[in-house]
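K.L.:
Here is a sequence together with a model predicted from it:
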Amino acid sequence: MPALCPQRNDGPMNHALHTLWTIGHSTRPWEEFVAMLQADGIEVLVDVRRFAGSRRNPQYSRDVMPQALRDAGIDYLPMPALGGRRKPEPDSPNTAWRVEAFRAYADHLASPEYIEARDGLMRVAAQRRTCVMCAEAVWWRCHRRLISDDFTARGWEVVHLMAPGRSDIHVLNADAVMVGDVLEYPAPQGKLL
């Protein structure tokens, strides 16, 4: 599939091939969380947490969620290979990111582990209404932000479920650029003259 952001500052084209949804569970009541997924017709919830447990919100643990979602008519698919909490590469090309955690995840976008998991997610999401979930309530403070950039750069529409009845359409980061088949975030270069 061709990338739709060949150069810095080129946004994706306006005709998405597929749609991916994202959500952060945060401290949201379980009933509200499920209702938000059902309101958008979500069929598969993909858990992109590397460490899928929550002492404060045990309803969101990997031990509880599969059956609770099944009871709501939603399939649960853990994909820890897409999880955050990564270490940045010493020679990272993703220097536009000032926050180390985002730079580290941007480096992860080039890893075989990420690419294999991303391609699997694309296959699922191309067939069924799929939502990516992490713990952080807002997508712009979460690695879902970079997953969303990667999908947007590849022609997908990404919809962030924010609250009941409220969602945001993802806009590709202005620093994102495709290098081969990998999304990178190089620091903007100053003018030479």
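P.N.:
Noted; the coordinates are in hand.
K.L.:
Going toward the C-terminus from the longest helix seen in the chain, what's the next helix or strand?
P.N.:
Taking residue count as the measure and DSSP state H as the definition, the longest helix of the chain comes out as helix 112-127. Where DSSP states H and E defines the elements, the next helix or strand beyond helix 112-127 is strand 130-134.
K.L.:
residues touching residue 88, list them.
P.N.:
Listed by C-beta atoms under 8 Å, 6 or more residues apart in numbering, the contact partners of residue 88 are 94, 100, 103, 104, 107. In short, each C-beta sits where N, CA and C put it, glycine included.
K.L.:
how about 10 Å then?
P.N.:
Listed by C-beta atoms under 10 Å, 6 or more residues apart in numbering, the contact set of residue 88 reads 94, 95, 97, 100, 101, 102, 103, 104, 105, 106, 107, 108.
K.L.:
Ignoring the adjacent residues along the chain, who's closest to it?
P.N.:
Sequence neighbours aside, residue 104 is the residue nearest to residue 88 in space, at 4.0 Å (criterion: C-beta to C-beta, 6 or more residues apart in numbering).
K.L.:
Report how many residues lie close to that neighbour.
P.N.:
Residues within reach of residue 104, counting by other C-beta atoms under 10 Å, total 19.
K.L.:
I'd assumed residue 89 was in contact with it.
P.N.:
Yes. Judged on C-beta atoms under 10 Å, residue 104 makes contact with residue 89 at a distance of 8.0 Å.
K.L.:
related to what we said a few turns ago, now for the contacts of residue 88: which two are most distant?
P.N.:
95 and 108 (15.4 Å; C-beta to C-beta).
K.L.:
And those two? Which one has more around it.
P.N.:
For residue 95 versus residue 108, neighbours defined as other C-beta under 10 Å are more numerous around residue 108 (23 against 15).
K.L.:
Any stretches of the protein with poor pLDDT?
P.N.:
Of all residues in the chain, those with pLDDT under 70 make up the ranges 1-16, 190-193.
K.L.:
ok, which stretches of it are helices?
P.N.:
Counting by DSSP H, the segments of the chain that form helices are 30-39, 65-71, 100-108, 112-127, 144-153.
K.L.:
Please identify the buried residues of the second one?
P.N.:
Burial within helix 65-71, assessed by neighbour count using 16 or more other C-beta atoms under 10 Å, is assigned to 65, 66, 68, 69.
K.L.:
And the fourth one, by the same measure?
P.N.:
Under the neighbour-count criterion of 16+ other C-beta under 10 Å, helix 112-127 has 114, 115, 117, 118, 121, 122, 124, 125 buried.
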